[in-house]
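S.K.: next input, structure requested:
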Amino acid sequence: MKNNILLKNLMFYGFHGAFEHERELGQRYYLDVQMEVDFDKAALSDDLSDAVNYVEIYNLIKDIVENKRFCLMEALAANVGDSILLEFDQIIGVSVKVRKPAVPIAGGLDYVQIEVLRRRS
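M.R.: Just a heads-up that it's a prediction; the model follows:
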């Protein structure tokens, strides 16, 4: 049986964007990361060594958003998803949603959001 773990509304300051001023000034990015995991063993053992460590996942995401630079939100989200699958064998699939509240659009909106889905083959 598959289960889900959700890290919701993570906030980081990053330097991403299609325009140079976005990459220089930076801004807040918000992420929702939902992971499909078989955590039956951890649920039975009640042992952290059998579980996916949320702190390690959080730190990986933080490092990518704050220390790498991307022109596109799509590339940022794909890098987060691919890195999670690469680093954590227990994760079967991942959905990464990235929200950018300050976008160069002449009009009112709360944010632009993209979603990337990744699964092990």
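
S.K.: chain center to the one helix or strand V94 maps to, what's the gap?
M.R.: Element membership of V94, judged by DSSP states H and E, is strand 91-100. Shown here is strand 91-100, whose average C-alpha point lies 5 Å from the average C-alpha point of the whole chain (CA atoms, centre = their mean, to the nearest Å).

S.K.: now stretch 70-86
M.R.: Worked out by CA atoms, centre = their mean, stretch 70-86 lies 7 Å from the chain centre.

S.K.: identify each buried residue in that stretch, please.
M.R.: Neighbour-count burial for stretch 70-86, with 16 or more other CB atoms under 10 Å as criterion, is recorded at 70, 73, 75-81, 83-85. Bear in mind the C-beta positions are built from the backbone N, C-alpha and C, glycine included.

S.K.: okay, and the beta partners of the residue nearest to I91 when sequence neighbours are not counted?
M.R.: Sequence neighbours aside, M35 is the residue nearest to I91 in space, at 4.8 Å (criterion: CB to CB, 6 or more residues apart in numbering). Note on M35: beta-bridge partners I5, V94, judged by DSSP bridges.

S.K.: would you confirm that M35 contacts G93?
M.R.: Yes: using CB atoms under 8 Å, M35 makes contact with G93 at a distance of 7.2 Å.

S.K.: more neighbours: the two, which one.
M.R.: Between M35 and G93, counted using other CB atoms under 10 Å, the more crowded position is M35 (25 against 17).

S.K.: got any ranges where this structure has weak pLDDT?
M.R.: Scanning the chain for pLDDT under 70 picks out 1.

S.K.: tell me where it has strands.
M.R.: Remark: strands of the chain, listed N- to C-terminal, are 3-14, 27-37, 91-100, 112-119; assignment by DSSP state E.
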